[in-house]
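> Return a 3D structure for these sequence lines:
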Amino acid sequence: MLLLCTFLTLCLSAVHSQFPRVCTTDEAISDKSCCPAGKDGSPCGSNSGRGICRNWVTHVIIPTLIASGFAASVPQYDDDRLDWPRHYYNKTCECFGNYGGFNCGDCRNGFHGEKCDRNKTVVRREIRELSLTERKKVFRYLKIAKTTKSKDFVVLTTRDRHHRDTYRFVDATIYNVFAWIHYYATQAIMTPSSFDQSHTYAHRGPAFPGWHRLGLVFLERQIQLLTGDEDFALPYYDWRGEKNCSICTNDFMGKNNGQGTLDPFSEFASWRSICSGINYVEAYCPVVEHEYEMERLRRRPGTDNTVNRLPSFQDVVDTLRWSVFDRSPYNSRATRSFRNVLEGFIRPSNGMTPATTMHNQVHVYLGGTMGQVPISANDPMFVLHHCYIDKIFELWITKYNGNPDTYPENDEPGQGPEECCTPYFPCFWNKDLLRKSTDLGYKYSTYQGS
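Numbers count the residues shown, from 1 in each chain. Prediction:
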């Protein structure tokens, strides 16, 4: 891959859910500014009324984009992702109306067209609802995303997170950018002298369902732009009550041998995992530039002795019984918390007993790449699984009228209601992902399962 410039002496430069290529120049780094030219050649498309370059961070309020005044970082940590993205930029684009993207050159989610005036809501369907032709198209699109270098975004790699002169940006494919986003958000939080592995920006707190919702929206939109197919929607896997993984076959996501290696005739046999192989807390993604150094995808469904089944129909029903979105202490110990039950740290039936359930249960059950949290998004099974977790989240929002006011104040690093969802850019406040999926341009089918 082409190495992009810039060893950092001051600070890095930041992102739309990663790092925009045009904002990794020496000038952007020294100015702490990410206000790239829009389609009309002016910063943020200001000459054509698409947006404006603003001081400090602007955040996305769905459906209207407005500027935010978010400020405080957390003093006990020394992590580049805290106070996102102000560690990197003092100026970013604020987009108006239906315009979006890091330079306001795109449309906000759910809108299309030159003037972003065509609203479209795509339907995410269960993968077994798709015809063979439709399923093959999804696989083809995922493969194109896996092999096409992103023209807009680059990813970050370091040898030592405490030393800025080891930070650099490198190219990645569109799907690998998506996988890197999850990896980056789940790495241990850096302190001045060590690392805190008890917190992440994507898990173990109120941001969990919204953070993953935004990641799926990012990938879905990037594939729509890449293929020109505005109707493309990610599929989901409704795993309720399955005795084994029914889509772990070559007709669907691929079967595996006893060592977890995918069958050579499966759709994803050749896929390799960005940031795999070496997982040092003091480095970001040391395996990124040379594909041959990356691990192949692996899956071992049903072989973990601690988790020998997928969640049941009743588990999902019980999960939706918990009406409070999240509760103190707003981490993996929270009881009677919908978020913590959905994430899978507490038993759905009583909301109290620690257990590996729901979201976590599926990851452990599938094993292999999916069983390794930082790199799990490399397996396209991650997409199908998290789309179903997102569907359950959507059912909860509809049932209890969930909205941004439902999102609780909390002390989890980077997971406050008015903190930016790390590392997405432009900034979405965490609380603003707690609203109906149609506000983001998609909805779910009513598949009932077998």
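> buried ones in stretch 186-193?
Buried residues in stretch 186-193, counted by 16 or more other CB atoms under 10 Å: 186, 187, 188, 189, 190. For glycine as for every other residue, the C-beta is placed from the backbone atoms N, C-alpha and C.
> how close does the fourth one get to residue 374?
It stands for residue 189. Taking CB to CB, to the nearest Å as the measure, residue 189 and residue 374 are separated by 13 Å.
> Repeat that for the first one.
Remark: distance between residue 186 and residue 374 (CB to CB) = 5 Å.
> now swap in the second one and tell me
Distance check for residue 187 against residue 374: by CB to CB, it reads 7 Å.
> Would you mind measuring the gap between the ends of stretch 413-432?
One end of stretch 413-432 to the other measures 17 Å (CA to CA, to the nearest Å).
> so after the helix or strand of the chain with the lowest mean pLDDT, what's the next helix or strand?
Ranking every helix and strand in the chain by mean pLDDT, DSSP states H and E puts strand 65-67 at the bottom, with a mean of 29. Next along the chain after strand 65-67, taking DSSP states H and E as the criterion, comes strand 91-95.
> got the phi/psi numbers for the residue sitting furthest away from the middle of the chain?
Here the centre of the chain is the reference, and by CA atoms, centre = their mean the most remote residue is residue 47, at 32.2 Å. Per-residue torsions, residue 47: phi -70, psi -30 (degrees, to the nearest 10).
> Grab the nearest non-local neighbour of it.
Leaving aside its chain neighbours, residue 47 sits nearest to residue 40 (4.8 Å; criterion: CB to CB, 6 or more residues apart in numbering).
> Give me the distance between the one you found and residue 89.
Separation of residue 40 from residue 89 (CB to CB) stands at 22 Å.
> who has more neighbours, these two?
Shown here are residue 40 and residue 89; by other CB atoms under 10 Å, residue 89 has more neighbours (24 against 15).
> So residue 425 is in contact with residue 92, correct?
Yes - counting by CB atoms under 8 Å, residue 92 is a contact partner of residue 425 at 7.3 Å.
> one step back: turn the buried residues of stretch 186-193 into a markdown table, columns for pLDDT.
Rendered in a markdown table, the data for those read as follows (pLDDT from 0 to 100):
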| residue | pLDDT |
| --- | --- |
| 186 | 93 |
| 187 | 91 |
| 188 | 88 |
| 189 | 89 |
| 190 | 86 |
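> Can you list which of the residues you listed are found in strands?
Using DSSP state E, the members of the buried residues of stretch 186-193 that fall in strands are 189, 190.
> Closest to residue 129 out of the buried residues of stretch 186-193?
In terms of CB to CB, no member of these lies closer to residue 129 than residue 186, at 30.8 Å.
> Please name the spatially closest residue to residue 190 (chain neighbours excluded).
Residue nearest to residue 190 in three dimensions, not counting chain neighbours: residue 79, with 4.3 Å by CB to CB, 6+ apart.
> Tell me the pLDDT of the one you found.
Here the pLDDT value assigned to residue 79 is 87.
> From residue 286, how far off is it?
Using CB to CB, one gets 18 Å for the distance from residue 79 to residue 286.
> The two - which one has more neighbours?
residue 79 (24 against 16).
> Please name the residues that touch the more buried one.
Residue 79 sits next to 189, 190, 191, 413 when contact means CB atoms under 8 Å, 6 or more residues apart in numbering.
> Tell me how far it lies from residue 104.
In this view, residue 79 and residue 104 are 29 Å apart by CB to CB.
> will you turn the contacts of residue 79 into a markdown table that also has distance to residue 272?
Formatted as a markdown table, those follow (distance: CB to CB, whole Å):
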| residue | distance to residue 272 |
| --- | --- |
| 189 | 28 |
| 190 | 27 |
| 191 | 32 |
| 413 | 31 |
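> Can you show me the strands along the stretch 251-400 of the chain?
In the stretch 251-400 of the chain, the strands defined using DSSP state E, counting those that start in this stretch lie at 272-273, 295-296.
> picking that back up, can you check which residues contact both of residue 425 and residue 92?
34, 85, 102.
> Would you mind confirming that residue 139 is in contact with residue 267?
Yes - contact criterion CB under 8 Å: residue 139 and residue 267 qualify, at 4.8 Å.
> between these two, who's got more neighbours?
Counted by other CB under 10 Å, residue 139 and residue 267 do not tie: residue 267 has more neighbours, with 21 against 15.
> Return the residues in contact with that one.
Per CB under 8 Å, 6+ apart, neighbours of residue 267: 139, 143, 250, 252, 253, 254.
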